[in-house]
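A.B. asks: make a model of this:
(one chain, ligands or ions: 1)
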Amino acid sequence: MKLFYSPGACSLAAHIALEEVGAKFEAVLTAIGENRQRSPGFLALNPQGRVPIVIVEGCVLTELSAILLYVDRRWPEAKLMPDDPWDFARAISLMNFLASTVHIRFACIWHPERFTPIKKGYSDMELSARANLLRDFAIVESRLPNTGWVGCERFSLADMNLLPLYRWGWRVGLHMEQFARYTRLVDEASRRPAVQRVLYREGLASLLAPALVLS
Ligand SMILES: N[C@@H](CCC(=O)N[C@@H](CS)C(=O)NCC(=O)O)C(=O)O
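C.D. replies: Model prediction:
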């Protein structure tokens, strides 16, 4: 199995999931900072030019949520999702909100040209994306437990999904510490050996503070 990732991108969640279950996989660096996701070789694998993707037995799987759920199904003994049907659905609900709404706010800030060709609208779009992000993160915060993990006593896919977005919040200058439950969850996740191995491999100093890329 191969995972194509870029340091600190949403692929971080898939990287952590594979490391948590002890999968044997090759982590293939596809640095967005160097536009590697636009190389002909990568576009042949994913014409959308986005990470993460995984390759399993020569077949390509795109979309973070699908990759996370694949890891859950392939390593059921790791129990990466809550057993209870309601808790399972609530975890999926949060993951969908992160993918369909929160992630897109950052795209509005980092890639406004994807939403409108009118350059003079870019700063307004960024302003409204920042305001919306604060609202979105407040919604996320309201769905998080005071202790433990999302929906169950085990570190779940939803928890992993939350990690890169918290770090992105810092990167765009939001004071993420105002979200106390989210900050507590990220702090506890950061201490997990699998998470630390992935952070080291991706060259990320921390999830809690603005990123320092070490290499
Ligand atoms: N819907 C996709 C979004 C993937 C995505 O936007 N990935 C970003 C990194 S977080 C990316 O590859 N960006 C490269 C680019 O925008 O050119 C998923 O959930 O996997």
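A.B. asks: quick check, pLDDT for the most centrally placed residue in the chain.
C.D. replies: Centroid-nearest residue in the chain: Cys10, 3.3 Å away (criterion: C-alpha atoms, centre = their mean). pLDDT recorded at Cys10 is 98.
A.B. asks: that one against Thr62, yeah?
C.D. replies: No. Contact between Cys10 and Thr62 fails when scored by C-beta atoms under 8 Å: they sit 11.8 Å apart. C-beta coordinates here come from the backbone N, C-alpha and C atoms, glycine included.
A.B. asks: quick check: neighbours shared by the two?
C.D. replies: Common contacts of Cys10 and Thr62 (C-beta atoms under 8 Å, 6 or more residues apart in numbering): Pro52.
A.B. asks: these two touch, right, Phe25 and Leu3?
C.D. replies: Yes. Under the criterion of C-beta under 8 Å, Phe25 makes contact with Leu3 at 5.4 Å.
A.B. asks: so which of those two has more stuff around it?
C.D. replies: Leu3 (23 against 17; other C-beta atoms under 10 Å).
A.B. asks: what secondary structure does that one sit in?
C.D. replies: strand (DSSP: H, G, I helix; E, B strand; the rest coil).
A.B. asks: show me the contacts for it.
C.D. replies: Here Leu3 is in contact with Ser11, Ala14, His15, Leu18, Phe25, Glu26, Ala27, Val28, Pro52, Ile53, Val54 (C-beta under 8 Å, 6+ apart).
A.B. asks: how many residues are close by Cys59?
C.D. replies: 7.
A.B. asks: need the per-residue pLDDT for it.
C.D. replies: Looking at Cys59, its pLDDT is 98.
A.B. asks: hmm, which of the contacts of Leu3 are the buried ones?
C.D. replies: Buried by 16 or more other C-beta atoms under 10 Å: Ser11, Ala14, His15, Leu18, Phe25, Ala27, Val28, Pro52, Ile53, Val54, out of the contacts of Leu3.
A.B. asks: got TSV for these, with distance to the ligand and secondary structure too?
C.D. replies: Shown next, in TSV, are these (distance: C-beta to the nearest ligand atom, whole Å; DSSP: H, G, I helix; E, B strand; the rest coil):
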residue	distance to the ligand	secondary structure
Ser11	6	helix
Ala14	8	helix
His15	12	helix
Leu18	15	helix
Phe25	17	coil
Ala27	15	strand
Val28	13	strand
Pro52	6	coil
Ile53	8	strand
Val54	11	strand
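A.B. asks: buried residues in the longest helix along the chain?
C.D. replies: Identified as the longest helix of the chain according to DSSP state H is helix 122-142. For helix 122-142, burial by neighbour count (16+ other C-beta under 10 Å) applies to Tyr122, Met125, Glu126, Ala129, Leu133, Asp136, Phe137, Val140.
A.B. asks: do stretch 198-210 as well
C.D. replies: So, applying 16+ other C-beta under 10 Å, buried residues of stretch 198-210: Val198, Leu199, Glu202, Leu204, Leu207.
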